[in-house]
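> turn this into a structure:
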Amino acid sequence: MDTFLNHSTYEQLKKDIMTFELLPGDTVSAAKVAKRYNVSRTPAREALVRLETEGLVDIIPQSKSVISKISISVAKEEWFIRRTLELGMTDTLFLKITKKEIDRMRKLNNEMTKLSKEKSTHENSYKYLMADNEFHSVIYEVCGQLLAKSVIASNMAHYSRLRFLTESEDAYKERTISGHGELIKLLEAKDIDGYTNALSKHLDYIIGDINELKEKHPGLFKD
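Numbers count the residues shown, from 1 in each chain. The predicted model follows:
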């Protein structure tokens, strides 16, 4: 029960940070977290410590804890890791992927399309981002790179919040969904060169979005 409560509190707090229900710079504490999620201070405290290791919370000893602001420099490093891993798996992906997995990718992209047409809420936007993550997770699973998948899931705090900001807007959602559709077609056509180029373009978009995001949301960034 304690393990479940600890994990549940962590998941709820992480979700609220990732979706900007709790804003970068907001003060948090075990007492506030406990009250927000109706739990004791123990799971609240453990959630804060765990999220500090992921870069989402800054704990200042004998002072306070705050939601971390987005670091562009760290986000770029996280992006580089993801980009390098996914492009590095292309040859193995084309050797191993089957129709079943391509169909799963298409189903996830269709789910993203459906969510993009629904009323924009923090909950829907989070589901959309999770479906996007799962779409790319298929690549890691097909290639047997489960450790890399785990690294991506727990070490992309700044980059993932950039993605959430972009994918909260309809134009960016259309770009992502269209990009996924193109990747699926190239996988089916066994066009490895076309896929590599399309994946590079797909993953590189966000770097070009950074200045616009900083102009729109200046209070969310620390560099």
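
> report the buried residues of the helix or strand of the chain with the lowest mean pLDDT.
Lowest on mean pLDDT, DSSP states H and E among the helices and strands of the chain sits helix 2-18, with a mean of 85. Neighbour-count burial for helix 2-18 flags 5-6, 9-10, 12-18 (criterion: 16 or more other Cβ atoms under 10 Å). (C-beta placed from N, C-alpha, C; glycine too.)

> helices along the protein, start to end?
2-18, 30-37, 41-53, 72-88, 90-96, 99-117, 122-142, 146-154, 157-167, 170-188, 192-216 (DSSP state H).

> before we move on, the earlier item: among the buried residues of helix 2-18, which one sits closest to residue 71?
residue 17 (14.3 Å; Cβ to Cβ).

> hmm, the closest one is touching residue 56, no?
Yes: assessed by Cβ atoms under 8 Å, residue 17 is found in contact with residue 56 at 5.1 Å.

> identify the contacts common to those two.
Counting by Cβ atoms under 8 Å, 6 or more residues apart in numbering, the contacts common to residue 17 and residue 56 are residue 67.

> so what's residue 141 up against?
Taking Cβ under 8 Å, 6+ apart as the test, what residue 141 contacts is 101, 149.

> one more pass at 10 Å, please.
Counting by Cβ atoms under 10 Å, 6 or more residues apart in numbering, residue 141 touches 96, 101, 104, 134, 149.

> most widely separated two among the residues you listed?
96 and 134 (18.0 Å).

> follow-up on the earlier one: tabulate the helices of the chain (a markdown table), appending distance to residue 63.
Formatted as a markdown table, the helices of the chain follow (distance: least, Cβ to Cβ, whole Å):
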| stretch | distance to residue 63 |
| --- | --- |
| helix 2-18 | 19 |
| helix 30-37 | 14 |
| helix 41-53 | 14 |
| helix 72-88 | 22 |
| helix 90-96 | 47 |
| helix 99-117 | 40 |
| helix 122-142 | 29 |
| helix 146-154 | 26 |
| helix 157-167 | 21 |
| helix 170-188 | 37 |
| helix 192-216 | 27 |
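
> which of those sits most buried?
helix 157-167 (a mean of 23; mean count of other Cβ atoms under 10 Å).

> kindly provide the whole-number mean pLDDT of that one.
Averaging pLDDT along helix 157-167 gives 91.

> any idea how far it is from the chain center?
6 Å (Cα atoms, centre = their mean, to the nearest Å).

> counting contacts, what elements does that helix pack onto?
helix 2-18, helix 72-88, helix 99-117, helix 122-142, helix 146-154, helix 170-188, helix 192-216 (3 or more Cβ pairs under 10 Å, 6 or more residues apart in numbering; DSSP states H and E).

> out of those helices, which gets the lowest mean score?
Among these, helix 2-18 scores lowest, at a mean of 85.

> which ones are touching residue 120?
Contacts of residue 120 (Cβ under 10 Å, 6+ apart): 128, 168-170, 173.

> mind redoing it with 8 Å?
Per Cβ under 8 Å, 6+ apart, neighbours of residue 120: residue 168.

> one more: residue 40?
residue 34.

> show the pLDDT at it.
92.

> and the gap between it and residue 53?
Going from residue 40 to residue 53 by Cβ to Cβ, to the nearest Å gives 21 Å.

> what of residue 188?
Taking Cβ to Cβ, one finds residue 188 at 40 Å from residue 53.

> try residue 140
For residue 140 relative to residue 53 (Cβ to Cβ), the value is 21 Å.

> cool, and residue 118?
33 Å.

> so what's the residue nearest to the spatial centre of the chain closest to, chain neighbours aside?
Closest to where the C-alpha atoms of the chain average out (Cα atoms, centre = their mean) is residue 160, at 3.8 Å. Counting by Cβ to Cβ, 6 or more residues apart in numbering, residue 160 lies nearest to residue 18, which is 6.4 Å off, once chain neighbours are set aside.
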